[in-house]
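Q: sequence? don't have it. structure:
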């Protein structure tokens with residue numbers, strides 16, 4: 001959460017500097033005789049300050065626009081990596097026209113809530129492809145569960161394991177993870193070996209690096225089209241973002 005507010009403060013500072021720069025530029029132009037009044041920097045800054053104080057609602061709107069612009073740049077630079085799933089770590093329509101990418105942590109209670117929303121979306125939208133990106137950031141048990149998750153993908157049972165992890169009660173621990181491994185019919189020996197598999201560890205490292213590149217501050221986080229959504233935003237907001245992404249494809 002600290003990262004989120006640091007990023008918001010940085011963007012607000014950028015906005016303020018941009019406005020100040022605009023004021024200085026306008027003042028220089030006016031001083032050069034390109035406009036009559038006001039003709040000095042102090043007057044320009046006073047006008048800008050008064051406008052912002054009288055219309056504070058423009059600050060969050062402007063910061064949101066800056067965030068969206070930054071997100072679009074980051075998504076464009078990393079699109080292929082984001083939307084190329086780890087083999088088997090997918091759900092929904094494998095040839096769907098819209099991809100919803102889910103960054104999640106099995107130890108995250110909000111991800112459990114988000115899981116229910118994603119399951120509802122899959123049932124409601126036959127053209128949706130869901131790409132899961134294991135993003136263990138909360139605890140060592142998260143990382144163990146993520147490694148087991150990727151092992152499940154190599155055994156062709158990713159969604160069975162994934163759904164069971166979120167739909168059964170209990171805190172994430174190695175004992176609970178291995179209980180679910182057994183319950184969904186995975187090879188316990190293979191999963192145990194895969195907990196230290198360097199290839200699977202490299203996949204998690206790639207996911208974490210993608211998260212940093214996208215400025216993700218927690219889980220769950222979603223990528224759909226040109227948008228990044230953070231937190232358990234709910235079914236309706238996800239559905240609207242998917243509709244926007246689908247509409248954008250037709251332009």
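A: Done, it's in. The model shown is predicted, which means the values in this text are computed figures rather than measured ones. Numbering: from 1, shown residues only.

Q: any low-confidence regions in the stretch 51-200 of the chain?
A: 60-71 (pLDDT under 70).

Q: quick one: the strands in it?
A: 90-92, 98-104, 128-134 (DSSP state E, counting those that start in this stretch).

Q: is it true that residue 77 touches residue 213?
A: Yes. Using C-beta atoms under 8 Å, residue 77 is in contact with residue 213, at 7.3 Å. In this view, the C-beta of every residue, glycine as well, is placed from N, C-alpha and C.

Q: list the residues that contact both of those two?
A: Common neighbours of residue 77 and residue 213, using C-beta atoms under 8 Å, 6 or more residues apart in numbering, do not exist here.

Q: which one is residue 206 nearest to, not counting chain neighbours?
A: Distance criterion C-beta to C-beta, 6 or more residues apart in numbering; nearest residue to residue 206, sequence neighbours excluded, is residue 81 at 7.1 Å.

Q: can you list the domains in this protein?
A: Per automatic domain parsing, the structural domains of the chain span 2-56, 83-249.

Q: as CSV, these with distance to residue 73 and mean neighbour count would be great.
A: Formatted as CSV, the domains of the chain follow (distance: least, C-beta to C-beta, whole Å; neighbours: other C-beta atoms under 10 Å):
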stretch, distance to residue 73, mean neighbour count
domain 2-56, 13, 13
domain 83-249, 10, 18
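
Q: now these in CSV, with distance to residue 72?
A: What follows is the domains of the chain, written out as CSV (distance: least, C-beta to C-beta, whole Å):
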stretch, distance to residue 72
domain 2-56, 14
domain 83-249, 5
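
Q: from the contact counts, what lies against the helix or strand harbouring residue 223?
A: Element membership for residue 223, per DSSP states H and E: strand 221-224. The elements that strand 221-224 packs onto, with contact taken as 3 or more C-beta pairs under 8 Å, 6 or more residues apart in numbering; DSSP states H and E, are strand 98-104, helix 198-214, strand 227-230, helix 235-249.

Q: quick one: contacts of the last one?
A: Helix 235-249 is contacted from outside by 97-98, 100, 117-118, 120-121, 124-125, 127-128, 222, 224-227, 229, using C-beta under 8 Å, 6+ apart.

Q: repeat the analysis, applying 10 Å as the threshold.
A: 96-100, 102, 114, 116-121, 124-125, 127-128, 222-229, 231-234 (C-beta atoms under 10 Å, 6 or more residues apart in numbering).

Q: look up how far residue 98 lies from the spatially closest residue to residue 117 that is not a sequence neighbour.
A: Spatial nearest neighbour of residue 117, excluding adjacent residues (C-beta to C-beta, 6+ apart): residue 235 at 4.4 Å. Separation of residue 235 from residue 98 (C-beta to C-beta, to the nearest Å): 15 Å.

Q: point to the residue nearest the middle of this structure.
A: residue 221 (3.4 Å; C-alpha atoms, centre = their mean).

Q: tell me the bridge partners for the spatially closest residue to it that is not a sequence neighbour.
A: Nearest non-adjacent residue to residue 221, counting by C-beta to C-beta, 6+ apart: residue 103, 4.3 Å away. Beta bridges link residue 103 to residue 133, residue 221, judged by DSSP bridges.

Q: my read: residue 103 touches residue 222, true?
A: Yes. The pair residue 103 and residue 222 qualifies as a contact (C-beta atoms under 10 Å) at a distance of 7.4 Å.
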